[in-house]
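Peer 1: turn this into a structure:
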Amino acid sequence: MRVFGSRARGDVAEHSDMDVFIEVETLNKELEYRIYDIAWEVGLDHSVFISPLVFSRYEIEESPLRASPIVRNIEAEGLRI
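Peer 2: The predicted structure follows:
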């Protein structure tokens with residue numbers, strides 16, 4: 001897991017969301033929906049909108065996504081949590 005975007009850079013505004021990159025071993029719709037539900041619940045508890053970006057390990061390591069500028073940026077600048 002990594003936080004990226006304005007909160008990772010430290011230039012967060014009053015109503016900025018929290019961008020969270022989540023890599024899981026395997027991903028299916030059930031797990032993806034559960035992660036979104038948890039992000040929503042935690043965000044409500046802490047008055048912040050959590051915006052999860054969820055990918056499987058295969059997508060990050062083996063698919064064309066591995067060359068994506070956003071994935072490279074998250075790996076370089078995201079804060080590991």
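Peer 1: please report how far residue 72 lies from residue 78.
Peer 2: Separation of residue 72 from residue 78 (C-beta to C-beta, to the nearest Å) stands at 10 Å. The C-beta positions use only the backbone N, C-alpha and C, and glycine is treated the same way.
Peer 1: the more surrounded of these two?
Peer 2: Taking neighbours as other C-beta atoms under 10 Å, residue 72 and residue 78 compare with residue 78 leading, 18 against 11.
Peer 1: does the more buried one touch residue 7 like I think?
Peer 2: No: if you go by C-beta atoms under 8 Å, residue 78 and residue 7 don't touch, sitting 10.1 Å apart.
Peer 1: tell me the contacts of residue 31?
Peer 2: Each residue near residue 31 by C-beta atoms under 8 Å, 6 or more residues apart in numbering is listed here: residue 24.
Peer 1: go on, residue 80?
Peer 2: Residues counted as contacts of residue 80 (C-beta under 8 Å, 6+ apart) are 1-2.
Peer 1: residue 36 now?
Peer 2: For residue 36, the contacting residues are 52, 54, by C-beta under 8 Å, 6+ apart.
Peer 1: SS state for it?
Peer 2: helix (DSSP: H, G, I helix; E, B strand; the rest coil).
Peer 1: any low-confidence regions in this structure?
Peer 2: In the prediction, the chain carries no residues with pLDDT under 70.
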